[in-house]
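Peer 1: Please work out how this folds:
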Amino acid sequence: MLQTPRLTKNINKKVYTKKISYSAPFTWLKQGVEDFTKCPALALFYGTLFTSFTYFYWDFLSHSPTLSDIAAPLLAMVVIIFGPISAMAMYDASKRLSAGEELSFRSILTVIKSAFKANGSYPSLFLSIILIVIAIMWMVFTPLIYAILNTDTFVNQNQTIIEAILDDIINLNNPLFLVIYGIFTTVTAWISFMISWFSFPMVLDQNIDPFTAANASIRTALANKIVMLIWVPIVGIIVLASLLTPYFLGMVVTVPILAHATWHAYKSLINKLK
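Peer 2: Numbers count the residues shown, from 1 in each chain. The predicted structure follows:
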């Protein structure tokens with residue numbers, strides 16, 4: 001594996017995590033809002049770009065004759081996969097603000113360049129590839145699980161397997177499939193979240209390889225299960241509410257705030273390399 005000078009000197013070092021109070025997620029949100037107000041132009045620039053991409057991608061999917069049935073899960077996959085890496089600039093902005101720097105709209109290029117040059121840029125890209133592989137596995141195993149648990153899958157020639165799956169989910173048919181598929185999807189989503197929660201801000205902040213960052217992120221999540229179970233629904237509710245606004249405009253504000261909040265979550269839970 002490619003090793004940059006920053007990574008080489010920290011091979012075999014460990015990341016030590018911390019436990020925090022259950023009220024921490026609300027503190028992170030407050031800090032995210034504070035960072036947003038300190039550099040609104042930068043935050044709104046990022047929020048606008050991310051929202052525009054998300055909305056036009058959704059518009060394409062929802063009007064596609066072949067992909068409209070799975071537009072919602074595909075959109076969710078894109079947000080999960082590209083959300084963390086696209087937020088690298090916001091992580092760097094929060095890092096600079098915490099160090100006492102003042103940021104303006106002119107800081108956009110500096111922040112973006114700094115964020116994606118961290119560790120030679122490859123760790124964040126590698127982490128994104130891991131999330132893409134997990135998403136592909138979820139897509140591959142979905143029809144496989146359905147076919148195994150439903151012997152009538154191909155009886156209706158007027159339905160594709162995706163249409164059949166959606167029909168079963170909407171009408172609550174095939175309880176065994178719904179239970180097993182629900183567990184499978186939930187576990188896949190949790191694994192993706194635990195990998196990405198702190199690994200992206202960590203490779204920006206510290207001289208660390210993606211494997212160590214992902215491992216530290218998972219260990220931190222498992223050591224703070226209750227906090228994670230509080231934080232995930234908060235994020236989910238905020239994102240869902242934003243998606244329900246016209247043209248997803250709510251995301252212009254909420255996505256940068258959540259990115260800033262994630263940085264503060266990382267700093268409050270993970271110590272230095274030792």
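
Peer 1: quick one: low-confidence ranges for the stretch 1-150 of the chain?
Peer 2: Low-confidence segments of the stretch 1-150 of the chain (pLDDT under 70): 1-15, 104-122.

Peer 1: Just the helices from it, written as ranges.
Peer 2: Applying DSSP state H, counting those that start in this stretch to the stretch 1-150 of the chain gives helices spanning 5-8, 24-38, 40-62, 71-86, 88-98, 108-117, 122-149.

Peer 1: Okay, buried residues for the last one please.
Peer 2: By 16 or more other Cβ atoms under 10 Å, the buried positions in helix 122-149 come out as 122-124, 126-128, 130-131, 134-135, 138, 142, 145-146, 149. All C-beta atoms are positioned from the backbone trio N, CA, C, and that covers glycine.

Peer 1: do stretch 260-270 as well
Peer 2: Those would be 260-267, 269-270, for stretch 260-270 by 16+ other Cβ under 10 Å.

Peer 1: Likewise for stretch 71-84?
Peer 2: Result for stretch 71-84 [16+ other Cβ under 10 Å]: buried residues 71, 73-75, 77-84.

Peer 1: how close does the residue nearest the centre of the chain sit to V133?
Peer 2: Centroid check for the chain by Cα atoms, centre = their mean gives I80 as the closest residue, at 3.8 Å. According to Cβ to Cβ, to the nearest Å, I80 and V133 sit 13 Å apart.

Peer 1: Also Y55?
Peer 2: Taking Cβ to Cβ, one finds Y55 at 26 Å from V133.

Peer 1: what's the answer for I169, then?
Peer 2: Separation of I169 from V133 (Cβ to Cβ): 25 Å.

Peer 1: for the residue nearest to L49 when sequence neighbours are not counted, what are its contacts?
Peer 2: Spatial nearest neighbour of L49, excluding adjacent residues (Cβ to Cβ, 6 or more residues apart in numbering): S86 at 7.9 Å. S86 is in contact with 46, 49-50, counting by Cβ atoms under 8 Å, 6 or more residues apart in numbering.

Peer 1: same deal with K18?
Peer 2: 268-271.

Peer 1: min pLDDT across those, which one?
Peer 2: pLDDT across the contacts of K18 is lowest for N271, at 71.

Peer 1: which one is that residue nearest to, not counting chain neighbours?
Peer 2: Y16 (4.3 Å).

Peer 1: ok, the one you found - how many residues close by?
Peer 2: 12 (other Cβ atoms under 10 Å).

Peer 1: And P175, by the same measure?
Peer 2: Based on other Cβ under 10 Å, the number of other residues close to P175 is 10.

Peer 1: What's the first helix or strand after the helix or strand hosting V187?
Peer 2: Using DSSP states H and E, V187 maps to helix 175-205. As assigned by DSSP H and E, the chain's next helix or strand after helix 175-205 is helix 210-223.

Peer 1: Only the buried residues of that next one, if you could.
Peer 2: Across helix 210-223, burial judged by 16+ other Cβ under 10 Å covers 210, 212-214, 216-221.

Peer 1: what does stretch 57-75 give?
Peer 2: Applying 16+ other Cβ under 10 Å to stretch 57-75 flags 57-58, 61, 69-71, 73-75 as buried.

Peer 1: Looking at the residues you listed, which one is closest to A189?
Peer 2: Closest approach between these and A189, by Cβ to Cβ: P73, at 10.8 Å.

Peer 1: distance between stretch 189-199 and the chain's centre?
Peer 2: Chain-centre distance of stretch 189-199: 7 Å, with Cα atoms, centre = their mean, to the nearest Å.

Peer 1: Restrict it to CA atoms and write it as PDB.
Peer 2: Output in PDB follows, covering the C-alpha atoms of stretch 189-199 (Å, rounded to 0.1, in the frame of the first residue of the first chain):
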ATOM      1  CA  ALA A 189     -26.100   0.700   7.600                       C
ATOM      2  CA  TRP A 190     -24.600   0.500  11.100                       C
ATOM      3  CA  ILE A 191     -21.300  -0.900   9.800                       C
ATOM      4  CA  SER A 192     -21.100   1.900   7.100                       C
ATOM      5  CA  PHE A 193     -21.800   4.500   9.800                       C
ATOM      6  CA  MET A 194     -19.300   3.100  12.300                       C
ATOM      7  CA  ILE A 195     -16.600   3.000   9.600                       C
ATOM      8  CA  SER A 196     -17.200   6.600   8.400                       C
ATOM      9  CA  TRP A 197     -18.200   8.400  11.600                       C
ATOM     10  CA  PHE A 198     -14.700   9.400  12.600                       C
ATOM     11  CA  SER A 199     -12.400   7.900  10.000                       C
END
